[in-house]
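Student: would you be able to build a 3D model of this:
(one chain, ligands or ions: 1)
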Amino acid sequence: MKKFILITGASSGIGAAAARAFARRGENLILVARRGEMLEALKAEISAFAPQCEVALKICDLAAPQNVFALWNELKDYRLKALVNNAGFGDYGLAGEEDLQKLQRMISLNVTALTLLSHLFVRDYKREEATLVNISSAGGYSIVPRAVSYCASKFYVSALSEGLYHELAADENAKLRVKVLAPAATRTEFGARATGDANYDYDASFKRYHSAEQMAEFLLRLYDSEFCVGAVDRNSFEFTLEGPKFSFAGAKK
Ligand code: NAP
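Tutor: As a prediction, the model looks like this:
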């Protein structure tokens with residue numbers, strides 16, 4: 001039976017670059033986002049350079065939990081080999097000045113949707129050769145000024161992913177691998193969404209940043225490795241593969 005890699009937030013940025021990178025390897029894909037026309041354009045692009053890849057599109061607003069369950073239900077006829085929980089966005093602003101509705105949507109997407117999809121995947125694929133990759137952030141391991149709530153949401157992603165990694169490592173019958181990618185500044189639509197400035201300029205805002213294509217390459221290096229964490233150092237911009245970074249109260253394997 002054909003197996004698929006499910007990527008959320010595949011209409012732009014890191015998710016779209018990851019879709020292209022997996023397609024170059026001949027993987028079949030299920031791509032999820034809200035903007036159907038961008039998913040259609042990506043599918044056409046992939047069909048041109050990787051005609052053997054099957055690409056299914058799911059237009060879905062993951063910020064609503066009922067849509068997450070409905071999506072999972074729609075996917076029951078597909079067999080997955082990986083889930084990349086990439087959909088997410090940031091919110092930059094001083095404490096007390098954040099747009100609370102945007103904040104609520106951010107938590108719904110970055111935390112709730114990612115948690116539900118991670119647990120549905122673990123429940124259904126725990127005993128299979130499959131991989132869960134959750135996209136956190138350098139801000140999921142250190143707190144960034146003016147992005148406190150976003151960082152907190154990404155600390156959650158890092159902690160959940162490392163926790164699931166430990167839980168599955170302790171289960172002899174579990175074959176599912178859990179990984180977490182922590183990008184630093186990466187040129188995507190992220191900056192414009194986080195600031196609300198459609199003309200957000202990465203060159204003016206950062207001395208260094210990665211491209212979405214570089215980040216997709218890092219994602220594949222993490223995917224191919226035995227490591228749990230793939231992280232970009234926000235000072236050196238080096239990418240390293242590591243074991244879990246948070247302290248763990250359980251027994252060491
Ligand atoms: P991006 O270009 O804005 O991509 C975000 C993706 O998420 C888009 O495909 C977007 O598609 C999708 N998305 C947003 N809201 C959604 C919703 N409600 N339901 C379904 N899909 C939704 O930004 P990116 O940088 O590639 O972000 C990817 C991940 O990397 C995020 O988790 C982000 O936090 C993380 N990250 C980014 C950076 C960075 O500097 N860029 C650094 C660290 C971590 P639609 O709008 O079409 O729905």
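Student: export stretch 165-173 as CSV, just CAs?
Tutor: Coordinates of each C-alpha in stretch 165-173 appear next as CSV, following Å, rounded to 0.1, in the frame of the first residue of the first chain:
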residue,chain,number,x,y,z
TYR,A,165,10.3,10.8,22.4
HIS,A,166,11.1,9.6,25.9
GLU,A,167,7.7,7.9,26.3
LEU,A,168,8.2,5.9,23.1
ALA,A,169,11.9,5.1,23.9
ALA,A,170,10.6,3.5,27.1
ASP,A,171,8.1,1.3,25.2
GLU,A,172,9.8,-1.7,23.7
ASN,A,173,7.1,-2.3,21.2
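Student: residue ranges of the helices in this structure, please?
Tutor: Secondary structure of the chain (DSSP state H): helices located at 13-24, 36-49, 65-74, 100-107, 114-125, 148-169, 190-195, 202-205, 212-224.
Student: which other residues reach the last one?
Tutor: This points to helix 212-224. When contacts are defined by C-beta atoms under 8 Å, 6 or more residues apart in numbering, helix 212-224 is touched by residues 13-14, 16-18, 20-22, 25, 82, 84, 131, 133, 179, 181, 183, 186-188, 210, 229-230, 232, 239, 241. For the C-beta atoms, the positions are set from N, CA and C on the backbone; glycine is no exception.
Student: intersect those residues with the contacts of the ligand.
Tutor: 13-14, 183, 186, 188 (C-beta under 6 Å from any ligand atom).
Student: turn those residues into TSV, including distance to residue 78.
Tutor: Converted to TSV, those look like this (distance: C-beta to C-beta, whole Å):
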residue	distance to residue 78
13	24
14	22
183	27
186	29
188	27
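Student: quick check, pLDDT for the residue nearest to the spatial centre of the chain.
Tutor: Nearest to the mean C-alpha position of the chain, counting by C-alpha atoms, centre = their mean, stands residue 86 at 2.2 Å. pLDDT for residue 86: 99.
Student: got the contact list for it?
Tutor: Residue 86 touches 7-10, 14-15, 18, 135, counting by C-beta under 8 Å, 6+ apart.
Student: near the ligand, which residues of the stretch 1-150 of the chain?
Tutor: 8-15, 33-35, 38, 60-63, 86-90, 109, 135, 137.
Student: swap the cut-off to 8 Å and go again
Tutor: 8-17, 32-35, 38-39, 60-64, 67, 85-90, 105, 108-110, 113, 135-140, 150 (C-beta under 8 Å from any ligand atom).
Student: tell me the spacing between residue 104 and the ligand.
Tutor: 12 Å (C-beta to the nearest ligand atom, to the nearest Å).
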